[in-house]
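*Asks:* okay, here's the prediction I keep looking at, along with the sequence it came from:
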Amino acid sequence: LASILYPYDNDACRLIDGWLDELAQKHCIHRYEVEGSSYIEIINWLKHQKIDRPTTSRLPAYSEKLASPREPSRTLDADLGPVPRTSIKDSGADAPRAVKKDRRRATQYPEGFLPDGKIATSAGLSRAEAERELLKFRNHALERGRTCVDWERAWHNWCLKACEFMGRKPPEGKPDMPAIPGEFAVRMFKETSRWNIAYGPEPGKPGCRAPKELLEKYGYSKPEAA
């Protein structure tokens with residue numbers, strides 16, 4: 001939750017639990033847990049928000065029984081972005097919907113992680129901006145010791161938030177551009193031998209799309225004679 005609301009604030013994940021407790025003490029929200037997952041219900045939501053076409057909630061409803069004393073909240077260790085919820089087909093007008101828990105294990109930032117280059121461009125970032133944001137994304141995850149279930153999804157959320165921070169909307173109706181590897185991708189391949197297939201042929205192979213100067217810099221091709 002901290003990373004979604006405050007992606008560039010390193011102190012948010014440490015402070016947000018206290019902020020939520022303050023809201024609960026002021027009777028603005030209810031905090032409760034179901035099968036190990038934490039939830040928040042905003043009190044008086046319908047009093048202040050008009051819902052034209054309300055639907056049955058997919059989340060488990062709050063009750064006093066569920067609001068038993070909570071364990072101290074964990075440091076943000078599940079995801080850097082929203083946790084995906086599985087939609088359950090409604091069997092009736094008022095039938096409750098279950099939430100399927102993701103059983104995949106969260107992992108630390110993968111060494112040499114290179115996300116699909118189209119993720120950043122589809123969010124609205126240029127290649128240079130994507131290179132810079134990926135470095136910030138990597139440093140943020142390593143500095144805070146973050147773990148994540150789906151790093152590709154977390155990177156996508158990061159790109160979307162970066163564009164929102166810059167006041168930019170994702171492009172609409174633009175065709176996907178071919179992913180062009182930059183220096184970060186070539187350097188990581190040199191150090192780890194890991195290459196994202198979205199970039200096409202890897203350095204040293206025919207058809208590699210990396211700029212010629214980068215291939216020369218990292219020893220994958222010889223400089224042309226003057």
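*Replies:* Sure thing, it's come through.

*Asks:* only C-alpha atoms from now on, for both contacts and neighbour counts.
*Replies:* Will do.

*Asks:* the residue most central in space within the chain and Glu129, how far apart?
*Replies:* Taking Cα atoms, centre = their mean, the centroid of the chain lies closest to Ala154, which sits 1.9 Å from it. Separation of Ala154 from Glu129 (Cα to Cα, to the nearest Å) stands at 17 Å.

*Asks:* one more: Gly117?
*Replies:* 12 Å.

*Asks:* of the two, which one has the most company?
*Replies:* Applying other Cα atoms under 10 Å to Gly117 and Glu129 shows that Gly117 carries more neighbours, namely 22 against 15.

*Asks:* now do the helices in the chain.
*Replies:* Assigned by DSSP state H, the helices in the chain fall at 2-5, 12-25, 45-48, 117-123, 127-144, 151-165, 183-192, 212-217.

*Asks:* one step back: let me know the pLDDT of the residue nearest to the centre of the chain.
*Replies:* Looking at Ala154, its pLDDT stands at 88.

*Asks:* against Ser3, how distant is it?
*Replies:* For Ala154, the distance to Ser3 - Cα to Cα - is 10 Å.

*Asks:* just Asn196 next, same as before
*Replies:* From Asn196 to Ser3 the distance is 26 Å (Cα to Cα).

*Asks:* which regions of this structure lie under the pLDDT threshold?
*Replies:* 66-104, 169-179, 198, 222-226 (pLDDT under 70).

*Asks:* one more time with 50
*Replies:* Within the chain, the stretches with pLDDT under 50 are 69, 71-96, 98-99, 102, 174-177, 226.

*Asks:* now the spatially closest residue to Thr147 that is not a sequence neighbour: how far from Trp155?
*Replies:* Distances taken as Cα to Cα, 6 or more residues apart in numbering place Gln108 nearest to Thr147, at 4.3 Å, with adjacent residues excluded. Computed as Cα to Cα, the Gln108 to Trp155 distance reads 14 Å.

*Asks:* skipping its backbone neighbours, what lies nearest Arg127 in space?
*Replies:* Closest to Arg127 by Cα to Cα, 6+ apart is Thr121, at 7.3 Å.

*Asks:* surely that neighbour is in contact with Ala128?
*Replies:* No: applying Cα atoms under 8 Å, one finds Thr121 not in contact with Ala128, separated by 10.5 Å.

*Asks:* make sure Asp116 is actually in contact with Asn196.
*Replies:* Yes: proximity of Asp116 to Asn196 meets the contact threshold set by Cα under 8 Å, at 6.7 Å.
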